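> Fold the following, please.
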Amino acid sequence: MNLQQLRYLNEIVHQGLKISNAANALYTSQPGISKQIKLLEEELGIEIFVRNGKRIAAITEPGKAVLAIAQRMLHDAENLREVAQEFHSQDSGHLTIATTHTQARYALPPVVKQFIKRYPGVKLGLHQGNPTQIAEQVLSGEADIGIATESLSLYDDLVTLPCYEWNHCVITPLRHPLLAEKKLTLAKIAQYPIITYDFAFSGRGKINAAFEAANIQPNIALTAIDADVIKTYVELGLGIGILAKMAFIPERDKHLRMMDAGHLFKPSTTRVAIRKNEYLRGYTYDFIELFAPHLTREVVAKTMHAPLLQEK
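Residues are numbered from 1 along each chain as shown. Here you go, the predicted model:
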């Protein structure tokens, strides 16, 4: 048994059980992969795949168990390389952050600026997506850490840590009738078409929950994944907006007005996500601490290895 065989196994599954696709992805031959998988099966004394002629039809139950162990071993092998790299070049490398538009546009810029100044030799990448895509990128290793508000804590193979809480606000065009109200209520908001986030984004679940608890049916006229899109359509007069308060910048959004809605919707928590038992470079810890100062290297490391300690 060797790591190359485990890589072949992992890639076959990743490519939807298509050996030809796995061969192309790994720059090797299809017969070579097939031979190595057969050798692995013979050594283990089990069939990893169900075959239909030369085609792989499914993965067997023992094959699933082997795959899970193989993925852990490949992960540990990658961690070994990271340890060596850490000592060879502590201030250079790559760091990929998977996050939402709101975080990338409004929360991360000062952090990124400080990080690049501190680590000019580290190539930083930002991948934007919805919370599910963010979680999957971290789990697959495409991203080193994920930052989002929704869903990240639902994945058992991720360690998630709270970064900060934030509230929603209501935005309107200039001279909108809602601005004359002395107290903002859900009932008054529901009188107008609402433009807000798609369900998977930026605390949308808290918005829905508030209206449901008050037994009020809001008029959701338009949803978007991008706060700037919401602001654009509010400015056009198509409705009022409900968005993250951090996304309203008075000096830039001069054609809009903002009303605080913290008393109407429960606060949302932005979290950082990391794969369990991942080896993090020193600059990764620093990025997390720049974003959330209470998440020191000691706190993050202790949390990441807590499940491992419990298993012993």
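> Pull up the per-residue confidence for residue 76.
Predicted confidence (pLDDT) at residue 76: the value is 71.
> Next: residue 29.
Each residue has a pLDDT score; the one for residue 29 is 89.
> Quick check: nearest residue in space to it, chain neighbours excluded?
Taking C-beta to C-beta, 6 or more residues apart in numbering, and ignoring the residues beside it in sequence, residue 29 has residue 23 as its nearest neighbour in space, at 5.9 Å. The way it works is simple: take the backbone N, C-alpha and C, and place the C-beta from them, glycine included.
> Check the secondary structure at that neighbour for me.
In three-state terms, and counting by DSSP: H, G, I helix; E, B strand; the rest coil, residue 23 is helix.
> For it, which residues are in contact?
Applying C-beta atoms under 8 Å, 6 or more residues apart in numbering, one finds that residue 23 lies in contact with 29-30, 32-33.
> Buried subset of those, written for PyMOL?
Buried members of those, identified by 16 or more other C-beta atoms under 10 Å, are gathered into one PyMOL selection as follows:
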select buried, resi 33
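> Distance to residue 186 added to the contacts of residue 23, as CSV?
Conversion of the contacts of residue 23 to CSV gives the following (distance: C-beta to C-beta, whole Å):
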residue, distance to residue 186
29, 63
30, 60
32, 63
33, 58
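> Setting the sequence-adjacent residues aside, check what's closest to residue 260.
If you skip the residues right next to it in sequence, residue 260 has residue 169 as its closest partner in space, 5.6 Å away by C-beta to C-beta, 6+ apart.
> Tell me what residue 274 is bridged to.
Under the criterion DSSP bridges, residue 274 forms beta bridges with residue 159.
> Looks like it contacts residue 159 (just checking).
Yes - Residue 274 sits in contact with residue 159 when judged by C-beta atoms under 8 Å, with a separation of 5.1 Å.
> Which residues are in contact with each of these two?
Joint contacts of residue 274 and residue 159 (C-beta under 8 Å, 6+ apart) are residue 304.
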